[in-house]
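Undergrad: okay, here's the prediction I keep looking at, along with the sequence it came from:
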Amino acid sequence: MTLREILIAPDPRLKVKSEPVERVDDALRSLMDDMLETMHEAPGIGLAAVQIGVAKQVIVMDLAKEGEAPEPRYFVNPEIIWESEDFHHYEEGCLSLPEYYEEVERPAEVKVRFLDYEGEIRELHCTEMLAVCIQHEMDHLEGILFVDHLTRLKRQMILRKLSKAKKQQAAELA
Ligand SMILES: [Zn+2]
């Protein structure tokens, strides 16, 4: 397993639409292993492949709390096949937008169809945190970040600050 670099917004590679995966094979499982390790290390609870610069429809997730046994979940080519009519607000964060948290409104529950780690077709009814997380990660596959759900003003403020921090970091390294 290898730790990968997580892309930080603003980065054009985060806006790329991810392609469906043709086959769940050892190469893809090795990518998922890297993603899980990178996400745990960060630490985070969800990561889309595009966040490490691989524009494939692959998501890893682990919602286990600190001190609990890890509960890795893998979603390949996920699609939402049902969503609830009621919405929930939840404060979201993102490994590609470090240190920013904002409330986002999304359907409270969704049903997702996807391929798992072994390439088997599965369906999952997602509620609460799982529903928030899967919708957030599936947005990444479309090149959408959670700040894209906010007002333009808020989004620009956050992206400007991140961009400034990046330049500062680059200057310090130079
Ligand atoms: Zn994210």
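TA: That came in fine, so what should we check first?
Undergrad: contacts only, for the nearest residue to E109 once chain neighbours are set aside.
TA: In space, and not counting its chain neighbours, E109 is closest to S84: 4.0 Å by C-beta to C-beta, 6 or more residues apart in numbering. Glycine gets a C-beta too; all of them are placed from N, C-alpha and C. S84 sits next to 107-110 when contact means C-beta atoms under 8 Å, 6 or more residues apart in numbering.
Undergrad: can you pick out the most distant pair from these?
TA: Pairwise distances across those (C-beta to C-beta) peak at 8.5 Å, for the pair A108 and V110.
Undergrad: which residues are in contact with each of the two?
TA: 84, 131.
Undergrad: who has more neighbours out of the two?
TA: Per other C-beta atoms under 10 Å, whichever of A108 and V110 has more neighbours is V110, with 22 against 18.
Undergrad: got phi/psi on that one?
TA: For V110, the backbone dihedrals are phi -140, psi 160 (criterion: degrees, to the nearest 10).
Undergrad: what bridges to it?
TA: E83, C126 (DSSP bridges).
Undergrad: do the same with the one 4 residues further on
TA: With DSSP bridges applied, F114 shows beta-bridge pairing to R122.
Undergrad: show me what contacts it?
TA: By C-beta under 8 Å, 6+ apart, F114 lies in contact with 75-79, 121-122, 124.
Undergrad: of those residues, which belong to strands?
TA: With strands taken from DSSP state E, the overlap with the contacts of F114 comprises 75-79, 121-122, 124.
Undergrad: which stretches of this protein form strands?
TA: For the chain, the strands defined by DSSP E cover 46-48, 58-62, 72-83, 87-92, 102-107, 110-115, 121-126.
Undergrad: Throw those into TSV and include distance to D11 and mean pLDDT, thanks.
TA: Shown next, in TSV, are the strands of the chain (distance: least, C-beta to C-beta, whole Å; pLDDT from 0 to 100):
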stretch	distance to D11	mean pLDDT
strand 46-48	13	98
strand 58-62	18	98
strand 72-83	22	98
strand 87-92	18	96
strand 102-107	19	97
strand 110-115	26	98
strand 121-126	28	98
